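# Make a model of this:
(2 chains)
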Amino acid sequence: MSGLASKTMGELRDLLSTGACSSREIVQSVADRIRAVDQEVNAYLEVDEEAGLAAADEADRKRAAGESGALLGIPVAVKDLLNVEGQSCRCASKLLEGYISPYDATCVAHVKAAGGIPFGRVNMDEFAMGASTEHSAFGVTKNPWNRDHVSGGSSGGSAAAVAADEAIVSLGSDTGGSVRQPASFCGCVGLKPGYGRVSRYGLTAFASSLDQVGVLSKTVADAADTLQVISGHDPKDTTSDPSAVPDFSAALSTDLKGMKIGIAEEFFGSGVRADVASRVRAAIDACVNLGAEPVPVSFPHLDYAVSVYYILAPAEASANLSRFDGIRYGNRVEAEDPVSLMKQTRDAGFGDEVKRRILLGTYVLSSGYYDAYYVKALKARALIKQDFDAVFTKCDVLMSPVAPTPAYRIGQGQEDPMALYLGDILTIPANLSGGCGLSVPCGFSEDGLPVGLQILGPALAEEHILRAGFAFEQSSTWSSHKPEVKGM
Amino acid sequence: MNESSPDLEHVDVSYVANLARLALTDRELEKFQGELDTVVAYIHKLDELDLEGVEPMSHPRPRENVLREDEPVPGPDRERMLENAPARVGDLVKVPQMMEDV
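Numbering: from 1, shown residues only, chains lettered A, B, ... in the order given. The predicted structure follows:
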């Protein structure tokens, strides 16, 4: 039975604190569930059950000795690009096969310090490049609601594991929507904190000015509680924010009196499917019924977001991924000279999408094109940031769809990368501007797939988006729907 | 497409691949040629914008120096770092010869 694995983190913390269950029973339940259904979903790349159970026993001993911790005894699935000491960290790439992390990412160290158990490495698009998890070197992660459809990405394994009750909560990362979009596709909660809230130390860099560690969970309260644990200034990340971390769970309330919700029609424009738009508009109406005030706002430069992103993210990626050269770690293809070694190693190790983005990034940074593409994109980014800032002078949060469509069929769009890039348009602005965003389930499409409500806020205004998301979630029943994954 | 953009040409994929240290096969060169040309044509959408006088934004955080006390702190364990090396000699990473014999 999926018993304990199907519960929320909040429920399990209550059960643990009253002694109604042990951490060992929770980890065992999650491991059993993975064994039963993951052949169908393919959310996990690796699970070390023995180590997980040993850590659970240790957590149970600590609890018996009177110790406590926000995540004491709770297993947390980890996206394959976050370093956990002693575990593999392959970024779903053949290039990093055999790599064992010599250290913990700061967010992982926070999870451990709070008593949490990093349990299992979940699938992703290789080096987080992609929005479907089809670009993993280790097979696609399927959508728990319909296994012919993608789970989204790049944190598709993180989202599918939570949605299929193969995880209680998971860590992901969001560079252009990679936490929010898979959460929307799989029907779970996805939180992208504001840039600087969570240290990026130990997060394998994709695009450093856009990357942020995020949380995928069954409820908004679980996302808030997990964010509380992983947040905070880190001397090892000069871009982490030094200000005090607020009490996120204190911000959660069931009414939205006094909250202003911005609605920008640009976010419902062409490409947004009618059934998606109507679910999201119904969710906004529900928030208005909870006391919020709708405010029309505009975001005139939204149409340029994809162009800006697909210049800047590949540019930063081409620099960041130059470290994967076969010299110090990872798979190496031996050759006569170092340059041939690097070229052969990278050609053998990287998949098509990663190569595509490295080529694009190298091109836009190359001599003669730098001003025409890179600098121009930086200026257009400033205009998008201005739109973002202007919106939040008029409202507390902006509500929109997460993605223009629900999860598409596996294989659809493989031949046309540009069509898939356009699917990122609604999530990219938060990354370009450094803002925060949340995806909360708000219903189902005509073909029975989950639809997410996106709630955006300014940088480090997670309290607002969590409050709005929590109130909406409490007023609806969408989060309680579960996909049928029966397994073996 | 846009007359003000003379760069609307084919991406020289093999030149860029060399800069990016990627040894691409002929099949890959052909495949990426079409895909990159499509993406590059799309991103020229930015030419529609008047960006005169706009300050480029390279990062969401304020650009300022971040300093810490200049005190030694332990780093990751050297042996564990070296265990990830594809080839090593003692405490060194082994690579093919870089320079000609002198």
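# And the strands in the chain?
The chain I'm using is chain A. Assigned by DSSP state E, the strands in chain A fall at A:44-46, A:75-79, A:117-122, A:142-143, A:146-150, A:169-174, A:189-192, A:212-217, A:260-264, A:293-297, A:397-401, A:436-444, A:450-457.
# that answer is for a different chain, and I need it for chain B
B:88-89, B:92-93.
# what's the closest of the strands of chain A to chain B?
strand A:212-217 (9.7 Å; CB to the nearest CB). Glycine gets a C-beta too; all of them are placed from N, C-alpha and C.
# List the pairing partners of the closest one within its sheet, with orientation.
Applying DSSP bridges, strand A:212-217 is found paired with strand A:169-174 (antiparallel), strand A:189-192 (antiparallel).
# which parts of that strand are buried?
A:212-217 (16 or more other CB atoms under 10 Å in any protein chain shown).
# Please identify the most buried of the strands paired with strand A:212-217.
strand A:189-192 (a mean of 33; mean count of other CB atoms under 10 Å in any protein chain shown).
# Not including adjacent chain positions, what is the nearest residue to residue A:269?
residue A:302 (7.6 Å; CB to CB, 6 or more residues apart in numbering or on different chains).
# For the nearest residue to residue A:196 once chain neighbours are set aside, give me the pLDDT.
Spatially, and ignoring its direct neighbours in sequence, residue A:196 is nearest to residue A:241 (3.7 Å; CB to CB, 6+ apart). We have a pLDDT of 95 for residue A:241.
# Next, the contact list for residue A:241, please.
For residue A:241, the contact set (CB atoms under 8 Å, 6 or more residues apart in numbering or on different chains) comprises A:194, A:196-197, A:233, A:460, B:61.
# what number of residues lie near residue B:86?
Per other CB atoms under 10 Å in any protein chain shown, the neighbour tally for residue B:86 reads 19.
# Give the full set of residues in contact with it.
Contacts of residue B:86 by CB under 8 Å, 6+ apart are A:326-327, A:329-332.
# what about 6 Å?
Residue B:86 makes contact with residue A:332, according to CB atoms under 6 Å, 6 or more residues apart in numbering or on different chains.
# okay, the strands of chain A, which one's buried deepest?
The most buried one of the strands of chain A (mean count of other CB under 10 Å) is strand A:189-192, showing a mean of 33.
# hang on, the residue nearest to residue A:269 packs against residue A:265?
No - using CB atoms under 6 Å, residue A:302 is not in contact with residue A:265; the gap is 10.0 Å.
# Between those two, tell me which one has more neighbours.
residue A:302 (20 against 12).
# Quickly note the distance from that one to chain B.
According to CB to the nearest CB, to the nearest Å, residue A:302 stands 12 Å off from chain B.
# Likewise for residue A:271?
14 Å.
# wait, what's in contact with that residue?
Counting by CB under 6 Å, 6+ apart, residue A:271 has contacts residue A:404.
# Tell me the confidence at it?
We have a pLDDT of 89 for residue A:271.
# Then residue A:361?
98.
# show me the contacts for it.
Contacts of residue A:361 by CB under 6 Å, 6+ apart are A:314-315, A:317-318.
# who touches residue B:21 in this structure?
A:342-343, A:346.
# how close does the nearest residue to it once chain neighbours are set aside get to residue B:25?
Ranked by CB to CB, 6+ apart and with sequence neighbours excluded, the top spatial neighbour of residue B:21 is residue A:342, at 4.6 Å. As for residue A:342, its distance to residue B:25 is 16 Å (criterion: CB to CB, to the nearest Å).
# So for the two, which sits in the more crowded spot?
Comparing residue A:342 with residue B:25 by other CB under 10 Å, the one with more neighbours is residue A:342, at 23 against 9.
# thinking again about what came up before, winner for burial among the strands of chain B?
Highest mean neighbour count among those (mean count of other CB under 10 Å): strand B:92-93, a mean of 12.
# That one packs against which elements?
Helices and strands touching strand B:92-93, as assessed by 3 or more CB pairs under 6 Å, 6 or more residues apart in numbering or on different chains; DSSP states H and E, are absent.
# what sits up against that strand?
Contacts of strand B:92-93 (CB under 6 Å, 6+ apart): A:328, B:85.
# got the contact list for the closest residue to chain B within chain A?
Closest residue of chain A to chain B, CB to the nearest CB: residue A:434 (2.7 Å). Neighbour list for residue A:434: A:195, A:459, B:60 [criterion: CB under 6 Å, 6+ apart].
# Let's have the residues you listed in a markdown table, adding pLDDT, distance to residue A:83 and neighbour count.
Shown next, in a markdown table, are these (pLDDT from 0 to 100; distance: CB to CB, whole Å; neighbours: other CB atoms under 10 Å in any protein chain shown):
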| residue | pLDDT | distance to residue A:83 | neighbour count |
| --- | --- | --- | --- |
| A:195 | 98 | 20 | 26 |
| A:459 | 94 | 25 | 22 |
| B:60 | 93 | 24 | 22 |
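# How about the residues of the stretch 201-350 of chain A by chain B?
Residues of the stretch 201-350 of chain A lying near chain B by CB under 6 Å from any CB of the partner chain: A:209, A:235, A:238-239, A:307, A:310-311, A:327-329, A:332, A:337-338, A:341-344, A:346-347.
# ChimeraX command for the buried members of these?
Listed next is the ChimeraX selection for buried residues among these, using 16+ other CB under 10 Å:
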select /A:209,239,307,310,311,327,328,329,332,338,341,342,343,344,346,347
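# how close does residue B:82 sit to residue A:228?
37 Å.
# Those two - which one has more neighbours?
Per other CB under 10 Å, whichever of residue B:82 and residue A:228 has more neighbours is residue A:228, with 20 against 16.
# what about residue A:419, how many neighbours?
Count around residue A:419 with other CB under 10 Å applied: 13.
# How about it, nearest residue that isn't a chain neighbour?
Per CB to CB, 6+ apart, closest to residue A:419 is residue A:413, 5.2 Å.
# distance of residue A:164 from residue A:142?
9 Å.
# Give me the common contacts of the two.
With CB under 6 Å, 6+ apart, residue A:164 and residue A:142 have common neighbours residue A:41.
# May I have the residues that are in contact with the residue positioned nearest the centre of chain A?
In chain A, the centroid-proximal residue (CA atoms, centre = their mean) is residue A:179; its distance is 2.1 Å. By CB under 6 Å, 6+ apart, the residues touching residue A:179 are A:155, A:172, A:190, A:192, A:214.
# any idea which of those residues is closest to residue A:51?
Among the contacts of residue A:179, residue A:172 lies closest to residue A:51 (CB to CB), at 21.4 Å.
# how about the closest residue to chain A within chain B, what does it touch?
Per CB to the nearest CB, residue B:60 is where chain B lies closest to chain A, at 2.7 Å. Residue B:60 is in contact with A:195, A:434, counting by CB under 6 Å, 6+ apart.
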